[in-house]
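In: Sharing a model that was predicted from the sequence below.
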Amino acid sequence: GYINVQGRSITEKAMTVTFEEPGIYEGKIRIVDGVDGLVSDNEIFFVVEVAKQVRVLAVNGDPRVTPYEDELFFLERALEVLPAGEAPIQLRIVRQEEFQSVDVGSLLKDWADVVVLANNSGFSPEALQRLHDFVNRGGGVLITLGSQSSFEQLNEQLAKILPHPLRDFHQAYDPISGSPPLGIGELDWGHPIFHGLGSSFEQSLRASRTRGYFNI
């Protein structure tokens, strides 16, 4: 692409490049026919890393017939929303019983980049060993808790993986005593992580309620 830049001015030009496969690519921006006589600053080199798709294996600890009640319903929706140009995310879901199988061990070894343990109860020794091997090879693990989770059991089984031991479960909402569920307090909506999400996201986040949480 070509662009004319006047002296002491700023000009922007957007260019789209399609890469055939993941990898690290070198690029160069060059000013042609510079008139200042200093040629050493007429070129800028840069490097672009094109990431491969991320493969996520999610272990559903509380599957439901009603979609929006399923443990992974919101995770599935979230992973479908990707900014333009980001590497795609391939999601594969297995039930907790399937995670105990030998076939899932092959998936962890040859397929998955990240494992999501979603509201799981205990795991068999074989499944735990496969999970530990996966982490030791550099795999990522995201652990979410819920009604099926026992913090004592998870602390014992995932001691080598958890960044910090879990503590007791706190029930915030109690209709008998009148304790209300927890909501989202004040947030810095100007923070970059909220950029481009819009007012509907803000309203949805403000309307969310938490009935209980685990201490750490």
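Out: Alright, I've got the coordinates.
In: confidence score at A58?
Out: Predicted confidence (pLDDT) for A58: 96.
In: ok, now L107?
Out: With respect to pLDDT, L107 scores 85.
In: For it, which three-state class applies?
Out: Applying DSSP: H, G, I helix; E, B strand; the rest coil to L107 yields a three-state assignment of helix.
In: so it makes contact with R92?
Out: Yes - at 7.4 Å, L107 counts as touching R92 under the criterion of CB atoms under 8 Å. From N, CA and C alone the C-beta is placed, and that goes for glycine too.
In: more neighbours, these two?
Out: Set L107 next to R92 and count neighbours by other CB atoms under 10 Å: L107 wins out with 19 against 12.
In: List the beta-bridge partners for the residue nearest to that one when sequence neighbours are not counted.
Out: Distances taken as CB to CB, 6 or more residues apart in numbering put L57 closest to L107, at 6.0 Å, once the chain neighbours are dropped. Counting by DSSP bridges, L57 forms beta bridges with R92, V115.
In: what's the pLDDT at the residue nearest the centre of the chain?
Out: Note on the chain: the residue nearest the mean C-alpha position is L79, at 7.7 Å, using CA atoms, centre = their mean. On the pLDDT scale, L79 is placed at 89.
In: Quick one: residues contacting it.
Out: 56, 89, 91 (CB atoms under 8 Å, 6 or more residues apart in numbering).
In: List the contacts of the last one.
Out: With contacts defined as CB under 8 Å, 6+ apart, the neighbours of L91 are 56, 58, 75-76, 79.
In: residues in contact with the nearest residue to Q53 once chain neighbours are set aside?
Out: Of all residues not flanking Q53 in the chain, P88 sits nearest, at 4.4 Å (CB to CB, 6+ apart). Taking CB under 8 Å, 6+ apart, we find P88 in contact with 53-54, 82.
In: which of those residues tops the neighbour count?
Out: Of all the contacts of P88, V54 has the most neighbours under the rule other CB under 10 Å, reaching 17 neighbours.
In: wait, doesn't that residue sit right on D113?
Out: Yes - assessed by CB under 8 Å, V54 is found in contact with D113 at 5.3 Å.
In: max-length helix in this structure?
Out: helix 125-136 (DSSP state H).
In: How many residues are close by G146?
Out: Neighbours around G146, by other CB under 10 Å: 14.
In: cool, and V116?
Out: Neighbours around V116, by other CB under 10 Å: 22.
In: Identify the residues contacting stretch 7-16?
Out: 1, 3-5.
In: and which of the residues you listed is nearest D70?
Out: Among these, G1 lies closest to D70 (CB to CB), at 46.7 Å.
In: quick one, helices of this structure?
Out: Using DSSP H, helices in the chain cover 73-79, 96-99, 102-110, 125-136, 151-157, 198-207.
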